[in-house]
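Trainee: After the sequence you'll find the predicted model.
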Amino acid sequence: MMIIKLEELKEKKRVVNCPFGDFVSNRFLLEQDGMGFTFTKTIIPKNNKTNFWHYKNHLEACYCISGNATLINLENDEKHKITKDVLYVLNNNEKHRLITHEDTVLLCVFNPPLKGNEVHNKDGVYVSGGEKNGK
């Protein structure tokens, strides 16, 4: 059994700030925890329009616990309103953008699990350490 407290994540180097200022990712579960998935609490500030994400190497599900945002599927230009109690699932590695209209908090699950230090590269892909190509 594991008990993981939000206030302890920074000390454990499990709080990742996006280098582009897009979000803060509080990483509760990582690959090293052996659960087979990552669980995060991600906070995206209001009026964030710069993010472009494309999880080529991961599937992701995001459950909104607060906020107001528009999710844009860049594969087909579909737009979806994301508010409290809405879950969106990126089950086909969709290129996407999330435009926040107020601070938005998401509980996210990644498969396969993150190692811990991944950040988005210029192509919106999560890369770890010194990786450049997202593989």
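Mentor: All right, it came through fine. Numbers count the residues shown, from 1 in each chain.

Trainee: CA atoms for contacts and neighbours, from now on please.
Mentor: OK.

Trainee: Would you map the strands across this protein?
Mentor: For the chain, applying DSSP state E gives strands covering 15-17, 24-29, 38-44, 53-54, 59-73, 78-83, 87-90, 95-111, 119-120, 126-127.

Trainee: so can I have TSV of the ones you listed showing distance to Lys5 and mean pLDDT?
Mentor: Below are the strands of the chain laid out as TSV (distance: least, Cα to Cα, whole Å; pLDDT from 0 to 100):
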stretch	distance to Lys5	mean pLDDT
strand 15-17	12	92
strand 24-29	8	96
strand 38-44	12	96
strand 53-54	28	82
strand 59-73	18	96
strand 78-83	25	97
strand 87-90	23	96
strand 95-111	15	95
strand 119-120	22	74
strand 126-127	24	71
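
Trainee: quick one: which of those is nearest Met2?
Mentor: Proximity to Met2, assessed across these by Cα to Cα, is greatest for strand 24-29 (9.9 Å).

Trainee: The closest one pairs with which strands?
Mentor: Strand 24-29 sits in its sheet next to strand 15-17 (antiparallel), strand 38-44 (antiparallel), going by DSSP bridges.

Trainee: any idea which of these is most buried?
Mentor: Of those, the one with the most neighbours on average (mean count of other Cα atoms under 10 Å) is strand 38-44, at a mean of 22.

Trainee: That one: how far from the chain's middle?
Mentor: Strand 38-44 sits 6 Å away from the centroid of its parent chain (Cα atoms, centre = their mean, to the nearest Å).
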